[in-house]
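Peer 1: Using only what follows, build the 3D model:
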Amino acid sequence: MNHHIAWEEPFCAEASACFRIGTDNAGNAYIAVGGAEEHYVTDTRDALRALIREIKAGKADHLL
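Peer 2: Numbering: from 1, shown residues only. This next block holds a predicted model:
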């Protein structure tokens with residue numbers, strides 16, 4: 001089934017690397033590179049919430 005994805009405004013670094021987060025009415029969340037939204041990673045909104053919480057807690061700081 002194809003759901004309509006409502007994309008948020010992109011989150012961008014300095015002049016490049018824009019990421020977009022989107023959701024649909026079926027409870028799915030999507031992450032894509034800005035300009036390539038047809039190639040996304042998808043999971044549940046709960047999974048997206050968990051990812052954001054972990055990032056905010058510093059568990060991805062080693063990637064910075």
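Peer 1: Just the helices from the chain, written as ranges.
Peer 2: Remark: helices assigned in the chain by DSSP state H are 45-56.
Peer 1: ok, how many other residues are close to the closest residue to His4 other than its chain neighbours?
Peer 2: Using Cβ to Cβ, 6 or more residues apart in numbering and skipping residues adjacent in sequence, the residue nearest His4 is Asp24, 6.1 Å away. Where C-beta positions appear, they are placed from N, C-alpha and C, glycine not excepted. The number of residues packed near Asp24 is 16, by other Cβ atoms under 10 Å.
Peer 1: how about Asp24, what does it touch?
Peer 2: 3-6, 30 (Cβ atoms under 8 Å, 6 or more residues apart in numbering).
Peer 1: for Phe19, same thing?
Peer 2: 10-12, 31-34.
Peer 1: just Ala17 next, same as before
Peer 2: Ala17 touches Val33, counting by Cβ under 8 Å, 6+ apart.
Peer 1: What is the burial count for the nearest residue to Gly27 once chain neighbours are set aside?
Peer 2: Leaving aside its sequence neighbours, Gly27 sits nearest to Arg45 (Cβ to Cβ, 6+ apart; 5.5 Å). By the measure other Cβ under 10 Å, the count of residues near Arg45 is 13.
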